[in-house]
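Chemist: Need coordinates for the below:
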Amino acid sequence: MKSLLRNSLFCLFAACLAACNDENTVYHSYQSLPNEGWGKSDTLSFLIPITDSIPTTFRLFAEVRNRTDYLYHDLHLFISQNMPDSTVWRTDTIAISLADSTGRWTGKGWGSVFQAETFVKSVRPLHPGNYTIKVMSGMKDEKLQGINDIGIRVEKQRIED
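Modeler: Residues are numbered from 1 along each chain as shown. Here you go, the predicted model:
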């Protein structure tokens, strides 16, 4: 029953996100992690189709949904991407703060699930095509507990007048 309620809440949340889609968002997707934990060598892959024929600058964001049983205040991720040139891979190590120094969750959420996001970098693909973003845990745990989903969002960079 608890699992059914959790899945229903995630479906409702996903539907709200889809309805509130920003016109600058070109890609937004989550991948769920197993309940038994995220293996240290498990890689999540996101295929990003870029169709703009005129080079545009994109902003990459990493998003995390964690449960209140997550043991740490932050999450370290290795994010590899083959943008702007599909033949060259670049890897960034990022840290997402999930709780403050007192242990209070800093993301948006309710009940036992919270969501946080962080800006990764701006990139400018040289040409249209399919690009890949790979995400791995940068934490020491062999099986990281307490993380529900990892997401990637790609937005066109807004030009401020």
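
Chemist: State the distance from residue 43 to residue 66.
Modeler: As for residue 43, its distance to residue 66 is 19 Å (criterion: CB to CB, to the nearest Å). Glycine gets a C-beta too; all of them are placed from N, C-alpha and C.

Chemist: All the strands of this structure, residue numbers only.
Modeler: Taking DSSP state E, the strands of the chain run over residues 25-32, 38-39, 44-50, 58-67, 74-81, 90-97, 108-110, 113-123, 129-137, 143-144, 147-156.

Chemist: so what does the first one touch, helix or strand wise?
Modeler: Counting by 3 or more CB pairs under 8 Å, 6 or more residues apart in numbering; DSSP states H and E, the packing neighbours recorded for strand 25-32 are strand 44-50, strand 58-67, strand 147-156.

Chemist: can you rerun that using 6 Å?
Modeler: Contact partners of strand 25-32 among helices and strands, from 3 or more CB pairs under 6 Å, 6 or more residues apart in numbering; DSSP states H and E: strand 44-50, strand 147-156.

Chemist: and among these, the most buried is which?
Modeler: Sort the helices and strands packed on strand 25-32 by mean neighbour count, taking mean count of other CB atoms under 10 Å, and strand 147-156 sits at the top with a mean of 20.
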